[in-house]
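Undergrad: predicted coordinates and the sequence they were generated for:
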Amino acid sequence: MRRYRISDLGPVGAEHVAEAVAPGRYIHHGGLSFHPVGWRTHSEGNHVHDSHEIFVILQGRGELELNGHRQPVAAGDVLVIEPGEEHYLIGDPAHPIINLWFHCADERHPDQRG
């Protein structure tokens, strides 16, 4: 995992906001997540990807559990999860997390193809 601030991500005029920190020409898919108080994401089992996943913590604070180790996260953090890293977000009960998440690829999202 690599940690950034939004201002670290790349030059003005880039194709997408994370162009400097993750491979892929376009943001391929993603979403906005509102986490319940104290909730741990993906509680159904091991959660890994074969591509980079980027989290932008927009509100709240809590912890990122990465390969069994926890570290604090807070609003403004940009986290680049590497392929194969097992990862979960755990919200602070008093400060629930809202985050963007997305994956990049060399092809556009199906809704953006010509």
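TA: Nice, thanks for sending it over.

Undergrad: can you pull the contacts of residue 71?
TA: Neighbouring residues of residue 71 by Cβ atoms under 8 Å, 6 or more residues apart in numbering: 63, 64. Backbone N, C-alpha and C define where each C-beta goes, glycine included.

Undergrad: that one: which element?
TA: strand 69-74 (DSSP states H and E).

Undergrad: pull out the buried residues from the helix or strand that comes right after that strand.
TA: Going down the chain from strand 69-74, the next helix or strand is strand 77-81, by DSSP H and E. Neighbour counts using 16 or more other Cβ atoms under 10 Å place 77, 78, 79, 80, 81 of strand 77-81 among the buried residues.

Undergrad: which one of those is nearest residue 66?
TA: residue 81 (7.5 Å; Cβ to Cβ).

Undergrad: so how far is residue 5 from that closest one?
TA: Look at residue 81 and residue 5: by Cβ to Cβ, to the nearest Å, they are 16 Å apart.

Undergrad: with residue 14 instead?
TA: 16 Å.

Undergrad: all strands of this structure, in order?
TA: Taking DSSP state E as the test, the strands found in the chain are 2-5, 26-34, 53-59, 61-66, 69-74, 77-81, 87-91, 98-105.

Undergrad: now tabulate those strands in CSV and tack on mean pLDDT and distance to residue 41.
TA: Output for the strands of the chain, formatted as CSV (pLDDT from 0 to 100; distance: least, Cβ to Cβ, whole Å):
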stretch, mean pLDDT, distance to residue 41
strand 2-5, 84, 18
strand 26-34, 94, 8
strand 53-59, 95, 10
strand 61-66, 95, 9
strand 69-74, 96, 12
strand 77-81, 94, 12
strand 87-91, 94, 5
strand 98-105, 95, 9
